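# Mind folding the following:
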Amino acid sequence: MSNYWMEYPFLQSELELVKQFMIDSISDAIPLVKEPLLEVIQSGGKMLRPAMVILGAKLGRYKSERIIPIAACVELLHTATLIHDDIIDESKLRRGVETTQSKYSKEVAVLVGDYVFAKTFDLLAGDYPAEMLRHLSQSIMKICEGELSQYAHRYNDSLDFDQYVEIIAGKTAALFSMSLFAGAYEAKVNNQTQRFLIQAGYCIGMMFQIIDDCLDYLGTAETIGKNVANDIKQGDMTLPLLFAMKNDSSGALHELVFQSNLTQENIARVGTLVKENQGVALAEEKAREYGQDALKAIEKLKKSESRRLLEKIVASILESPKTQTYA
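Predicted coordinates for the structure are as follows:
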C-alpha cells in the first residue's frame, strides 16, 4: 500500500487490516493463483475504494470486524477487473510491476480474475444481507457493460460525450458508488445519507476516470506505473481525444487516428495534437465540474472525519495529472 493515508493513522491501520484480510483469503489457493494475486495485492495501490467503504461506514455504527471483509471484497473485485483489463489492453505494466497476463500468460490471468470474483462472493455469502450481494453483483455487471461498450466503440468517430459518460459511469463510477454505499449500508447509516454517498461516489468515480484518461497524454510509465498511450493504441475514444478532434478544424488528428498505421511517431503526434487542440485542458475542466458536484454531495453529510477525508480525496484527484502517480 502507498503512503497516501499516512496523515490519517486510523484509516491507514484499517487499510492494513484490509490488505491482510485479502492475503489471508487466498492463503489456501494453489500457487498459480496465489503468486500472481499476492503480487497485485502488494503492488502499492492507494486502495481508494476500500477506504471509501470505511469512510461510508464511519458515518454510522462502525464495527471493524464487519467492515474490513466488505472493504477487502470491494478491493478484490477491483483487482479482478484490473487483471482482466490488462488482458484486453495487452498491458505490460500495472502499478509499476509486470501485469499478470504479461508475466504468467493471458490464460492464467483470465482464470485468476475469475477465481477472485468467485472468492469475493464466497467470503460474503451467509454473513451479509442479500441486498448487499445484489448491489455488488450489479456493480460488476455495470463494469462489464461499460468495458464492452468501450470495446464496441473503438475507432468510432461518431462517439459523443453522452456515450462516453455512459461508458465510464459503468466501468469506473459504479464501483466507487458501491464502495461508499456498502460501508454505509452495513453501518446502518440513514437512507438519505446513503443517497448523498452514492451521488458523491458516482461523481468521484467520473472525475477519477477522466483524470486517468488525461494521464494517457501527460504521464509516463514511471510516474503512473502503467504503459502510456494505451488508449490511443487500442482505439479507445476518451474525452481528451473527443474534445481535441472537435476543435481540430484541419482534420489532421482524425486522419492520424483513423486512417494511418499507428507507428510510435504517429502516436506521439496524436498526443501532441490532442494537447495543442485543448483536449486535455477541456477534459480536466470537465473533471473539475464532477469534482464540484462531488463536493456538493459531500457537504450534505454531517461534519465528521469521513466528510473531511472525502473532501481530501476529491482534492487529491484534482491535482494536476502531471503530478499523479498510480492508484
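
# where do the strands sit along the chain?
93-94, 97-98 (DSSP state E).

# show me where pLDDT drops low in the stretch 201-327 of the chain?
For the stretch 201-327 of the chain, the stretches flagged by pLDDT under 70 are 219-228, 260, 320-327.

# Let's see that with 50 instead.
221-222, 224-225, 322-327 (pLDDT under 50).

# on that earlier part again, reformat the strands of the chain as JSON lines; add distance to residue 61, mean neighbour count and mean pLDDT.
Every residue, glycine included, has its C-beta placed from N, CA and C. Output for the strands of the chain, formatted as JSON lines (distance: least, Cβ to Cβ, whole Å; neighbours: other Cβ atoms under 10 Å; pLDDT from 0 to 100):
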{"stretch": "strand 93-94", "distance to residue 61": "36", "mean neighbour count": "22", "mean pLDDT": "86"}
{"stretch": "strand 97-98", "distance to residue 61": "38", "mean neighbour count": "16", "mean pLDDT": "89"}
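
# Of these, which is nearest residue 154?
For these, the distance to residue 154 is smallest for strand 93-94, at 20.6 Å, taking Cβ to Cβ.

# who does that closest one touch, helix- and strand-wise?
Helices and strands touching strand 93-94, by 3 or more Cβ pairs under 8 Å, 6 or more residues apart in numbering; DSSP states H and E: there are none.

# What strands flank that strand, and is each parallel or antiparallel?
Strand 93-94 has its sheet partners listed here by DSSP bridges as strand 97-98 (antiparallel).

# The strand it pairs with: how far from the chain's middle?
18 Å (Cα atoms, centre = their mean, to the nearest Å).

# Can you give me the buried ones in stretch 109-118?
109, 112, 113, 115, 116, 117 (16 or more other Cβ atoms under 10 Å).

# same question for that stretch, mean pLDDT?
Mean pLDDT, stretch 109-118: 94.

# Can I get it as CSV, trimmed to CA atoms?
Coordinates of each C-alpha in stretch 109-118 appear next as CSV, following Å, rounded to 0.1, in the frame of the first residue of the first chain:
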residue,chain,number,x,y,z
ALA,A,109,-4.8,-14.1,-16.0
VAL,A,110,-8.4,-14.9,-17.1
LEU,A,111,-8.7,-17.7,-14.6
VAL,A,112,-7.1,-15.8,-11.8
GLY,A,113,-9.6,-13.0,-12.3
ASP,A,114,-12.4,-15.5,-12.4
TYR,A,115,-11.2,-17.0,-9.2
VAL,A,116,-11.2,-13.6,-7.5
PHE,A,117,-14.8,-13.0,-8.5
ALA,A,118,-15.9,-16.3,-7.1
